[in-house]
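Asks: Provided below are the primary sequence and the corresponding predicted coordinates.
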Amino acid sequence: MIRIGRYSLGRPFTVRQQYTNTEMIVMKNKVQLVTYVDRLGGSSIKALHQLLKGPLDGLFGGVHLLPFYYPINGADAGFDPIDHTQVDSSLGSWEDIKRLGQDVDLMADLIINHVSSSSSQFQDYLEKGDTSIYKDMFLTMGSVFPDGATESELMDIYRPRPGLPFSTFMLKKNQKRLLWTTFSHQQIDINVMDPQGKAYINSVLLRLQNNGIRMLRLDAVGFAIKKPGSSCFMIPETFEFIEYITEQAAAMGIEVLVEIHSYFRKQIETANHVDRVYDFALPPLILHAIFTNTAHYLKEWLHMCPRNAVTVLDTHDGIGIIDIGPDITDPKSRPGILSSEELNTLVERIHLNSNGQSRMATGAAASNLDLYQVNCTFYDALGRNDNDYLLARAIQFFAPGVPQVYYIGLLAGENDMALLAKTRVGRDINRHYFTAEEVAAAIQQPVVQSLFELIRFRNNSPAFNGSFSTPETSDDRITMRWDNEDNWAQLEVDFNDGSFEISSST
């Protein structure tokens with residue numbers, strides 16, 4: 001029996017709805033770590049390996065290594081690789097990745113939508129223009145809209161950033177091209193249907209497979225297909241492309257996780273087409289439940305959320321918000337789990353709890369909501385309240401899916417205002433570089449020790465390989481239960497005072 005918080009059990013309950021976990025293919029049903037190689041107590045793959053064999057030994061069933069490609073210090077923290085098939089030499093080598101993969105299952109990013117403007121392929125295109133073998137690997141506005149585009153068509157393009165998704169580039173002989181750049185002018189979108197584009201993606205897949213990567217995260221894949229007259233985001237052709245990549249990866253023994261921030265019903269739809277999808281709705285709904293002392297919306301989501309999910313609270317991209325709001329393409333007929341007003345209140349509470357630090361790091365559009373996330377550590381979003389933080393992790397670990405813990409959250413990390421001031425990149429508030437000494441000190445914190453205990457419980461209880469249910473309770477409480485033959489585990493939460501109890505058969 002594990003007891004965290006007050007323990008009381010014995011009152012009757014009724015099962016409201018019951019689900020069974022999707023059979024695991026590659027991904028272990030154990031907590032995973034998400035980390036940059038050079039930001040968790042060291043600057044190399046070998047140093048991270050030693051940490052996982054030392055103070056973090058036995059905590060994780062897998063590790064998602066955020067981009068370790070060349071260069072690690074590009075314009076977007078590794079998500080703009082010059083060479084997607086090369087490990088940044090400052091971190092180590094593919095041999096180091098292989099050795100790490102012998103001790104723990106590894107996930108890596110396939111940055112599917114774009115390459116760096118400094119990549120050899122794009123530089124060849126800039127130098128040779130239309131005579132380059134890569135000329136069709138990159139999307140111009142004219143190649144997507146050969147007959148031109150109306151203002152309405154351009155406004156219908158789904159955007160993660162303000163403005164239109166195009167940048168002007170000068171090719172040889174002063175030829176100008178308007179190229180598709182979804183995220184920034186340093187990240188050039190790939191024509192994934194072009195033979196050179198496909199060859200590029202396949203070369204990355206093969207390199208990852210040959211070096212022990214068994215799980216793949218498709219970064220920004222929702223933007224990969226561009227089609228005139230559409231939103232160019234998660235359209236039917238996008239699903240076809242995802243299925244194509246998934247088949248390619250499956251033939252190599254690699255399981256695929258799709259990364260998409262979108263309207264919650266689109267997430268549910270996406271889950272039907274992929275191995276795994278993120279549950280990005282869970283983090284803001286947990287915050288809402290803690291802030292408002294009601295689990296009403298959280299319960300609604302748990303009844304319909306995808307079962308083939310990877311759950312998170314925090315990520316390298318901050319705290320997702322768009323996933324529980326109205327569909328921005330049709331807000332009137334497709335309402336969110338929360339209304340726009342409730343979302344604004346939620347975000348303002350995060351800003352209050354973080355003493356305004358998150359406001360300094362988050363876009364000013366839409367009442368301090370950017371299109372994706374609020375930039376803040378999850379610990380600061382909860383006002384550095386240890387009980388609330390452990391409560392949030394307990395809910396995450398009991399929710400359907402495989403839990404991932406971001407390295408900042410693992411150590412109950414706080415907002416890095418110095419790094420934010422240095423780079424002026426909002427997401428860097430949640431991307432601290434921990435020294436070895438800082439890691440050692442953080443691990444000794446009671447909140448971190450309790451989190452480690454929760455992780456071990458989640459990993460070791462056989463109940464989580466069984467069936468999930470949410471017994472009937474009032475809206476100010478929630479009970480989450482797992483049953484696997486004679487094994488069971490149960491979380492009971494009272495949101496009125498933030499108390500929670502975990503009990504189990506083992």
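Replies: Cool, the structure landed.

Asks: Centre of the chain to stretch 128-136, how far?
Replies: Remark: stretch 128-136 is offset 35 Å from the chain centroid, using CA atoms, centre = their mean, to the nearest Å.

Asks: contact partners of it?
Replies: Contacts to stretch 128-136, defined as CB atoms under 8 Å, 6 or more residues apart in numbering, come from residues 121-122, 124-125, 143, 171-173, 175, 191, 194, 196-197. (C-beta placed from N, C-alpha, C; glycine too.)

Asks: got the CA coordinates for that stretch in PDB?
Replies: Written as PDB, here are the backbone C-alpha positions of stretch 128-136 (Å, rounded to 0.1, in the frame of the first residue of the first chain):
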ATOM      1  CA  LYS A 128      22.100  27.100 -58.600                       C
ATOM      2  CA  GLY A 129      18.500  28.200 -58.600                       C
ATOM      3  CA  ASP A 130      16.300  26.300 -61.000                       C
ATOM      4  CA  THR A 131      19.200  24.100 -62.100                       C
ATOM      5  CA  SER A 132      19.600  22.700 -58.600                       C
ATOM      6  CA  ILE A 133      18.500  19.000 -58.100                       C
ATOM      7  CA  TYR A 134      16.800  20.300 -55.000                       C
ATOM      8  CA  LYS A 135      14.700  23.000 -56.700                       C
ATOM      9  CA  ASP A 136      11.400  21.100 -56.200                       C
END
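
Asks: Give me the buried stretch members for it, please.
Replies: For stretch 128-136, a neighbour-count test (16 or more other CB atoms under 10 Å) marks Ser132, Tyr134, Lys135, Asp136 as buried.

Asks: Could you export those residues as a markdown table, including pLDDT?
Replies: Output for those, formatted as a markdown table (pLDDT from 0 to 100):
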| residue | pLDDT |
| --- | --- |
| Ser132 | 94 |
| Tyr134 | 96 |
| Lys135 | 93 |
| Asp136 | 95 |
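
Asks: so which of these comes closest to Gly426?
Replies: Closest approach between the buried residues of stretch 128-136 and Gly426, by CB to CB: Tyr134, at 32.6 Å.

Asks: Buried ones only from the contacts of stretch 128-136, please, as a PyMOL command.
Replies: Buried residues within these, by 16+ other CB under 10 Å, are selected in PyMOL with:
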select buried, resi 121+122+124+125+143+171+191+194+196+197
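
Asks: And the furthest pair within the contacts of stretch 128-136?
Replies: Pairwise distances across those (CB to CB) peak at 24.7 Å, for the pair Lys173 and Gly197.

Asks: Any buried residues in stretch 497-506, and which?
Replies: For stretch 497-506, a neighbour-count test (16+ other CB under 10 Å) marks Phe500, Glu501, Ile502, Ser503, Ser504 as buried.

Asks: now stretch 224-238
Replies: So stretch 224-238, judged by 16+ other CB under 10 Å, has buried residues Ala224, Ile225, Lys226, Ser230, Ser231, Cys232, Phe233, Met234, Ile235, Thr238.

Asks: so how far is it off the chain centroid?
Replies: With CA atoms, centre = their mean, you get 22 Å for stretch 224-238.

Asks: Columns secondary structure, distance to Arg481 and pLDDT on top of the buried residues of stretch 224-238, output as TSV?
Replies: Output for these, formatted as TSV (DSSP: H, G, I helix; E, B strand; the rest coil; distance: CB to CB, whole Å; pLDDT from 0 to 100):
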residue	secondary structure	distance to Arg481	pLDDT
Ala224	coil	39	95
Ile225	coil	41	96
Lys226	coil	45	96
Ser230	coil	43	94
Ser231	coil	40	93
Cys232	coil	42	94
Phe233	coil	37	91
Met234	coil	33	89
Ile235	coil	39	91
Thr238	helix	36	93
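
Asks: Show me which of the residues you listed is closest to Gln449.
Replies: Nearest to Gln449 among these is Met234, at 41.2 Å by CB to CB.

Asks: Once you drop chain neighbours, what's closest to the closest one?
Replies: Nearest residue to Met234, sequence neighbours excluded (CB to CB, 6 or more residues apart in numbering): Gly222, at 4.8 Å.

Asks: Can you verify that neighbour is assigned to a strand?
Replies: No. Assessed with DSSP: H, G, I helix; E, B strand; the rest coil, Gly222 is helix; it does not lie in a strand.

Asks: what's around it, how many residues?
Replies: When counting by other CB atoms under 10 Å, one arrives at 27 neighbours for Gly222.

Asks: what does Asp103 give?
Replies: Neighbours around Asp103, by other CB under 10 Å: 12.
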